[in-house]
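[1] predicted structure and sequence below. I'll ask about it afterward.
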Amino acid sequence: MADSMPPDSEDHLLEEDYYAFLNLSKDATPEEITNAYRRLSKLYHPDKHRDPDQKKNAEILFNKTKIAYEVLSDPHQRAIYDTLGVKGLETEGWQIVQRTKTPQEIREEYELLLKEKEERRIQQRTNPKGTITIGVNATDLFETYDFDTGFPVIEINAMSISQSVEAPLDTSDTLTLNGSIATQNGTGGGNINCSWKKVVSAKSWLEGGIGAGNGLVLNLKGFRTLSKYSFGTLQTSFHFMESSVSPGLELMLARQLAKNTAGYLTMKGGSSSSVNTMIVHDTEKGHFVAGLQFGIQRSFFTISYTRKLEDEGRLKGSIKFGLFGAILEYGCQKKVSKNSTVGASMILGVPSGVTLKLKITRANQTFLFPIMLSEELIPSAVFYGTAAPVLGWFILKVLYIDPYHERQKRRETEKFKEANAQRIAERRKEALIAVIILS
């Protein structure tokens, strides 16, 4: 969370007042602005001064007069300046005029740009992604037996790690290496896969891969834009085992149904054949998904909704039911800094029981902690599984997050105080120069 920034920190900067510099009111007419510019530009023009020091000082005021006139004489720039100030003119996309920075600000900005550029370069070239999952069995907390005499036992019964990195060969070819290992209750395994993706055109790409783990795996995947509102993917795979080959085929078709709505149809062939259809509706405030699947192993209906909150948080609820039983899931997610997110969700299932899932995301690294609370629907497990993350969040917020942000704000305040002190000194110098020139 070291990269979090206090909001609106630049609002504390001392703003440039172009109206006061030109000695104008804020409702000045274009003619008054032009007359003021002509008067001051003649007064501060460097060519009017022979003394080198006065010529240099006059050049400072002349350039500032020119900048003020360029902003106030343009109706569009003036409207932005009147509404948002100088920082509005610096906003990316408008980039009309840039306020004068102090040498310290220039050095800090340059160092920050170099650091961000290097981070982006490494990120773009490798794009590392990783997931660590640690399964915890805490059923002893809520499920008691007559022969239990000691303290509840909480144990880690499963763990998995997956990682992938990319190596762009050129603008159209990318090599990806990924691998994973997993263990559960004393047994485990792993696999490694290497794939090559080639962008054939603006509308299509191909990807082929080879992997090893529990036998050799070959796969080939293709993407194609079918029309302005639809696309599709086709994937085939071959899993070579000791005495047999298990083929697989997957076809996915997608089409935009409305401005914020899309439909997906997925057909899978092989050992786990199924047909799945899904409707997705995505807006600025919410994300809705409804899906129906018919398959040899699993058939179910699912519906979920995610509410996007204004403070970069999310609330999610979903329900899934089918021949295997039913699952209800609800939870929340909160962004605590630029690259860090925490979340918690409760999963209530029949016959799967009660599970609390904690999630921590830092950049492209994800940490998952599924905690099994009970194998049956026990009210106490549901209550404490729901209340514990909420209480934990408030404790973390009060003891760490809020104090951290306060320290950040204090550091930023001190930083801008120093910057404003330099600006005040510059304005005093400009006023002294003006007095010398006018005398």
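    In hand now; what should we look at?

[2] quick one, what contacts Ile181?
    Applying Cβ atoms under 8 Å, 6 or more residues apart in numbering to Ile181 gives the contacts 160-161, 188-190. Placement of C-beta: from N, CA and C, glycine included.

[3] which among these end up buried?
    Buried members of the contacts of Ile181, counted by 16 or more other Cβ atoms under 10 Å: Ser160.

[4] strands - which of the contacts of Ile181 land there?
    Among the contacts of Ile181, DSSP state E puts 160-161, 188-190 in strands.

[5] in the residues you listed, find the pair that's most separated.
    By the measure Cβ to Cβ, Ile161 and Gly189 form the most distant pair in the ones in strands among the contacts of Ile181, at 12.3 Å.

[6] distance to Asp17 and pLDDT for the ones in strands among the contacts of Ile181 - can I get that in a markdown table?
    As requested, the ones in strands among the contacts of Ile181 are exported to a markdown table (distance: Cβ to Cβ, whole Å; pLDDT from 0 to 100):
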| residue | distance to Asp17 | pLDDT |
| --- | --- | --- |
| Ser160 | 60 | 96 |
| Ile161 | 58 | 96 |
| Gly188 | 68 | 89 |
| Gly189 | 69 | 91 |
| Gly190 | 65 | 93 |
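
[7] which non-adjacent residue is nearest the most centrally placed residue in the chain?
    In the chain, the residue lying closest to the centroid (Cα atoms, centre = their mean) is Asn339, at 6.4 Å. Excluding the flanking residues, the one nearest Asn339 by Cβ to Cβ, 6 or more residues apart in numbering is Ala363, at 4.7 Å.

[8] neighbours of that neighbour, how many?
    For Ala363, the count of nearby residues is 15 (other Cβ atoms under 10 Å).

[9] kindly report the same for Glu155.
    Around Glu155 sit 11 other residues, with neighbours defined as other Cβ under 10 Å.

[10] so what's it up against?
    With contact set as Cβ under 8 Å, 6+ apart, Glu155 has these partners: 136-137.

[11] so the residue nearest to Asn339 sits against Lys338, correct?
    No. Judged on Cβ atoms under 8 Å, Ala363 makes no contact with Lys338 at a distance of 9.3 Å.

[12] and the helices in the chain?
    Under the criterion DSSP state H, helices of the chain are mapped to 18-21, 30-44, 52-73, 75-84, 86-90, 103-126, 379-396, 402-438.

[13] list the buried ones in stretch 414-429?
    Going by neighbour count (16+ other Cβ under 10 Å), the buried part of stretch 414-429 is 416, 419, 422-423.

[14] centre of the chain to it, how far?
    Between the mean C-alpha point of stretch 414-429 and the mean C-alpha point of its chain there is a distance of 34 Å (Cα atoms, centre = their mean, to the nearest Å).

[15] distance-wise, check Leu253 relative to His281.
    When distances are taken as Cβ to Cβ, to the nearest Å, Leu253 and His281 turn out to be 18 Å apart.

[16] ignore what I typed, I meant Leu112.
    Using Cβ to Cβ, one gets 39 Å for the distance from Leu112 to His281.

[17] so those two - more neighbours on which side?
    Relative neighbour count places His281 above the other of Leu112 and His281, with 16 against 10, counting by other Cβ under 10 Å.

[18] quick one, what contacts the nearest residue to the more buried one once chain neighbours are set aside?
    Counting by Cβ to Cβ, 6+ apart, His281 lies nearest to Phe288, which is 4.3 Å off, once chain neighbours are set aside. By Cβ under 8 Å, 6+ apart, the contact list for Phe288 reads 280-282, 304-306.

[19] low-scoring pLDDT stretches of the chain, where are they?
    When residues are selected by pLDDT under 70, those of the chain lie in 1-15, 87-110, 118-124, 145-150, 434-439.

[20] what count of nearby residues applies to the residue nearest to His49 when sequence neighbours are not counted?
    Closest residue to His49 in three dimensions, ignoring its sequence neighbours and counting by Cβ to Cβ, 6+ apart: Lys55, at 4.4 Å. Here the neighbour count serves as a burial measure; for Lys55 (other Cβ under 10 Å) it reads 15.

[21] ok, so of the contacts of Ile181, who is nearest His239?
    Checking those one by one against His239 (Cβ to Cβ), the nearest turns out to be Gly189, at 13.8 Å.

[22] surely that closest one touches Gly213?
    Yes. Taking contacts as Cβ under 8 Å, Gly189 lies within contact range of Gly213: 6.4 Å.

[23] what do the two both touch?
    Where contact means Cβ under 8 Å, 6+ apart, no residue is in contact with each of Gly189 and Gly213.

[24] which phi and psi does Leu377 have?
    Here the main-chain torsion angles of Leu377 (degrees, to the nearest 10) amount to phi -80, psi 100.

[25] no no, Leu22
    Taking degrees, to the nearest 10, you get phi -90, psi 0 for the backbone angles of Leu22.

[26] I am finished for the moment; much appreciated.
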